[in-house]
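K.L.:
Okay, predicted coordinates and the sequence, questions at the end:
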Amino acid sequence: MRSSYRLTQYAHGGGCACKIPPGELEKLVTGLMPAVSDDLLVGLDTGDDAAVVKIAADRAVVATTDFFTAVVDDAYDFGRIAAANALSDIYAMGGEPLVGLNLVGWPQDVLPMELLAEVLRGGAQIARQAGMHLAGGQSIDDPEPKYGLAITGLVHPDRLLRNDTARPGLPLTLTKPLGVGVLNNRHKATGEVFTEAIESMATLNADASRAALDAGAVAATDITGFGLLGHGYKLARASGVSLIIDAAAVPYLDGARQALADGFVSGGTRRNLDWVTPQLVSGVGEDELILLADAQTSGGLLVVGEVPGYPVIGEVVAAGDYRLIIR
């Protein structure tokens, strides 16, 4: 259903760029209840992508939720992207999704309910693609259109991908190109449609996750609202290592550099860069750093280890004075 409504014009920010800044978020959750059971394999401590609870010797539950404001104008594509983004947390832990619940905020007196039906249809399409049950959910009347999923999945406790298990001497692999942040910002401002960016965001990280596990990886995270630098820093800090990123090896979507040159940079991206700057040593210019900090929506996985078919963009080294080294 194509319509004259531009969903991004009803949102103060777009996609994962509307997240609470990482530094502020960490202050908020400091002091919340720590892990109280050995069965909670992954909790709040390291800011990983999902919670993991062991329920048997060979089985653990993975739980996550993710939702955001409209990142594109088309309702069906918005649904696809938001669903793929929520599923990414399950894949970032090495899990397989089992069941999802819709999370909806909708201005019912402002936007047609038929558009919401398109959002839900997009989410359902991605759920089918993932082989996941989609069973109801929750909706509220909201001034801004919002959509996402709460997801429960399964994982073997011995085949987890975590953000605190990176070890020096291993390469870094990135499974999707960067640049959706600046392209989405341009789309919101101008209405230009970037098909490659839409399809990248709607692509599941399922194949990348399975390939990482098959390659023997044990550490990974997904790249979303805090950008490659922000999520890379969280992984490095949790593991007590440093990351070297070869800026020239990082892939970008077509049009990303032009969007940067034309000034389509979100506030979220600039906050990402500000947050990691104290832990950063860089041999590249500010424009390159902005792209590396670009707030992604439904980005790829950053995997510690070489994953066949995906580009190596750096390596893990022993921690020194800095945790992010850009060359």
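P.N.:
Now that the structure is in, tell me what you want to look at. Numbering: from 1, shown residues only.
K.L.:
Residue 281: neighbouring residues, count only.
P.N.:
As a burial measure, residue 281 scores 14 neighbours (other CB atoms under 10 Å). All C-beta spots, glycine's among them, are computed from the backbone N, C-alpha and C.
K.L.:
likewise residue 217?
P.N.:
Neighbours of residue 217 (other CB under 10 Å): 23.
K.L.:
So it sits against residue 307, correct?
P.N.:
Yes: at 6.9 Å, residue 217 counts as touching residue 307 under the criterion of CB atoms under 8 Å.
K.L.:
all helices of the stretch 51-200 of the chain, in order?
P.N.:
Here the stretch 51-200 of the chain has its helices, by DSSP state H, counting those that start in this stretch, at 75-92, 113-130, 180-190, 195-202.
K.L.:
which one of these is the most hemmed in?
P.N.:
For those, the largest average neighbour count (mean count of other CB atoms under 10 Å) is found in helix 75-92, namely a mean of 28.
K.L.:
helices or strands up against it?
P.N.:
Contact here means 3 or more CB pairs under 8 Å, 6 or more residues apart in numbering; DSSP states H and E; on that basis helix 75-92 packs against strand 59-69, strand 96-106, helix 113-130, strand 146-155, helix 195-202, helix 206-214, strand 219-222, strand 301-304.
K.L.:
is it true that residue 229 lies in a strand?
P.N.:
No: the assignment for residue 229, made by DSSP: H, G, I helix; E, B strand; the rest coil, is helix rather than a strand.
K.L.:
That one: neighbouring residues, count only.
P.N.:
Counted with other CB under 10 Å, residues neighbouring residue 229 total 28.
K.L.:
Next up, the contacts around it.
P.N.:
272-273, 276, 280, 289, 292-293, 324 (CB atoms under 8 Å, 6 or more residues apart in numbering).
K.L.:
Kindly recompute the last result at 7 Å.
P.N.:
272-273, 276, 292-293, 324 (CB atoms under 7 Å, 6 or more residues apart in numbering).
K.L.:
So which of these sit within strands?
P.N.:
Residues of the contacts of residue 229 located in strands (DSSP state E): residue 324.
K.L.:
Compare the contacts of residue 229 and tell me which has the most neighbours.
P.N.:
residue 272 (32 neighbours).
K.L.:
That one contacts residue 226, doesn't it?
P.N.:
Yes: counting by CB atoms under 7 Å, residue 272 does reach residue 226; the two are 5.4 Å apart.
K.L.:
pLDDT score assigned to the closest residue to residue 149 other than its chain neighbours?
P.N.:
In space, and not counting its chain neighbours, residue 149 is closest to residue 86: 3.9 Å by CB to CB, 6 or more residues apart in numbering. pLDDT recorded at residue 86 is 98.
K.L.:
How about residue 2?
P.N.:
pLDDT at residue 2 comes out at 51.
K.L.:
Equivalent analysis for residue 186, please.
P.N.:
On the pLDDT scale, residue 186 gets 97.
K.L.:
List the residues that contact it.
P.N.:
192, 259, 264.
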